[in-house]
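Enquirer: What follows is a predicted structure for the sequence shown.
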Amino acid sequence: MRKDSFQFLKKLVETPSPSGFEQPVQRVVREEMAKFSDEVKTDVHGNVIGIKNPQGKPRLMLAGHCDEVGFMVRYIDEKGFISFSAIGGIDAHLIPGKRVQIHTQKGPILGVVGKKPIHILRKEEKKEEVELSKLWIDIGAKDKKEAEKLVSIGDPITFSERLERLQGELVVSRGFDDKMGTFVVCEVLRRITEKPLRAAVFATSTVQEEVGLRGARTAAYSINPQIGIAVDVDVATDYPGVDKKKEGEIFVGKGAVLYKGANINPRVGEMLIKIATEESIPYQLSGASGATGTDANVIQISRAGVAAALVSVPLRYLHTPVEVLSLEDIENAVKLLTAFVLRINEEINLIP
Ligand SMILES: [Zn+2]
């Protein structure tokens, strides 16, 4: 991956963006898209859309959601300890003992999620399921009054983790889901800048995916595309304890994931596979037996229907602060989508 692209990816994942609080990351996206688009729009919902060749045919929407899972301040007790709820799906077992950032009006504040030490845990307590409502954040405040001067009810919270390199092309961060997808759609825009283009391209950084695919729904309505492709992460199954008979076999580092199933327009699905094969771009095949839990779902059933598809990057440890993926898989997703965008024209038949 180019050095400046890597820096952009790092900036995206490290900018806080829990669902409903995406403005800081969307400002970063806007700035990037402005370099490579004919026009950039932010809609009333917060979706940012970089438009290239708006009069072209067909109209193609690419969607990567920019929101990440996180938490929200709900209550501050007399001693200044903070209770919180989840934004999106987070396993409560992950949270105790973690550093978090509370994103206050005056900037981020460090906090820690407290945990009774093993020395004083009763035997029954060791077996207990972790309940989010029983956890608390300690910011080191003296009491409620001091905490309230800094933190307000409703402030969003994220884990503190940042992007770091593992071995080879593997990297770890919180928030790859799905700022990686936003990165891919921006990167595709960059790569088609000087290329001959027949399609109209609407590269969209959608909001509020983690709380019900809400941004893509309104964006798809306003863009009114014929083809809509969501770019998201998929659960890799290449680590201990995963039942491949149930979850299928997806590896980190073996290419982007393409799908067959109800959420995928067969023509677009086949074309993606054909392009990957012809251009020797590695990919993995997966079956999605119903609607996917991605933006592709709401895009497909927008208005009178859209030819939808999904391109995913395999990711280990989804919705944890240590999401792991391969930069090579991202690169392959970008290559495939760039080739797709450059090949399509108004003659494309989307009827299954
Ligand atoms: Zn997610």
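Expert: The structure has been received and is ready for your questions.
Enquirer: which residues touch residue 197?
Expert: Shown in contact with residue 197 (C-beta atoms under 8 Å, 6 or more residues apart in numbering): 52, 53, 56, 341, 342. C-beta here means a position set from N, CA and C on the backbone, and glycine is covered the same way.
Enquirer: Switch those over to CSV; also include neighbour count, secondary structure and pLDDT.
Expert: Converted to CSV, the contacts of residue 197 look like this (neighbours: other C-beta atoms under 10 Å; DSSP: H, G, I helix; E, B strand; the rest coil; pLDDT from 0 to 100):
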residue, neighbour count, secondary structure, pLDDT
52, 23, strand, 97
53, 19, coil, 97
56, 16, coil, 97
341, 24, helix, 98
342, 17, helix, 97
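Enquirer: Relative to residue 117, which of those residues is nearest.
Expert: Nearest to residue 117 among these is residue 341, at 54.4 Å by C-beta to C-beta.
Enquirer: need the contacts of residue 197 in JSON lines with distance to residue 69, can you?
Expert: Output for the contacts of residue 197, formatted as JSON lines (distance: C-beta to C-beta, whole Å):
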{"residue": "52", "distance to residue 69": "30"}
{"residue": "53", "distance to residue 69": "34"}
{"residue": "56", "distance to residue 69": "35"}
{"residue": "341", "distance to residue 69": "29"}
{"residue": "342", "distance to residue 69": "34"}
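Enquirer: Can you tell me which of those residues is nearest residue 146?
Expert: For those, the nearest to residue 146 is residue 52 (50.7 Å; C-beta to C-beta).
Enquirer: so what's the closest one closest to, chain neighbours aside?
Expert: Counting by C-beta to C-beta, 6 or more residues apart in numbering, the nearest residue to residue 52 once its immediate chain neighbours are dropped is residue 201, at 4.3 Å.
Enquirer: list the helices and strands the one helix or strand that neighbour maps to packs on?
Expert: Using DSSP states H and E, residue 201 sits in strand 200-206. Using 3 or more C-beta pairs under 8 Å, 6 or more residues apart in numbering; DSSP states H and E, the elements in contact with strand 200-206 are helix 23-34, strand 48-52, strand 59-65, helix 176-191, helix 214-223.
Enquirer: Which neighbours in the sheet does it have, and how are they oriented?
Expert: In the sheet, strand 200-206 lines up against strand 48-52 (antiparallel), strand 59-65 (parallel) (DSSP bridges).
Enquirer: Any idea which of those gets closest to residue 161?
Expert: Of all the strands paired with strand 200-206, strand 59-65 comes closest under C-beta to C-beta, at 19.1 Å.
Enquirer: In the helix or strand that the closest one is followed by, which residues are buried?
Expert: Sequence-wise, the next helix or strand beyond strand 59-65 is strand 70-76, with elements assigned using DSSP H and E. By 16 or more other C-beta atoms under 10 Å, the buried positions in strand 70-76 come out as 70, 71, 72, 73, 76.
Enquirer: Go ahead and confirm the third one touches residue 155.
Expert: If I follow you right, that is residue 72. Yes: between residue 72 and residue 155 there is a contact under C-beta atoms under 8 Å: 7.1 Å.
Enquirer: got the buried residues for the lowest-mean-pLDDT helix or strand in the chain?
Expert: Lowest on mean pLDDT, DSSP states H and E among the helices and strands of the chain sits helix 123-127, with a mean of 89. Going by neighbour count (16+ other C-beta under 10 Å), nothing in helix 123-127 comes out as buried.
Enquirer: do stretch 311-330 as well
Expert: Buried residues in stretch 311-330, counting neighbours by 16+ other C-beta under 10 Å, are found at 311-321, 323-330.
Enquirer: domains of the chain?
Expert: 3-68+174-343, 71-159 (automatic domain parsing).
Enquirer: Give me whichever of these is most buried.
Expert: Sort those by mean neighbour count, taking mean count of other C-beta atoms under 10 Å, and domain 3-68+174-343 sits at the top with a mean of 21.
Enquirer: Now the terminal residues of that one, how far apart.
Expert: 28 Å (C-alpha to C-alpha, to the nearest Å).
Enquirer: what do you get for stretch 205-222?
Expert: Stretch 205-222: ends 14 Å apart by C-alpha to C-alpha.
Enquirer: Great, nothing more from me.
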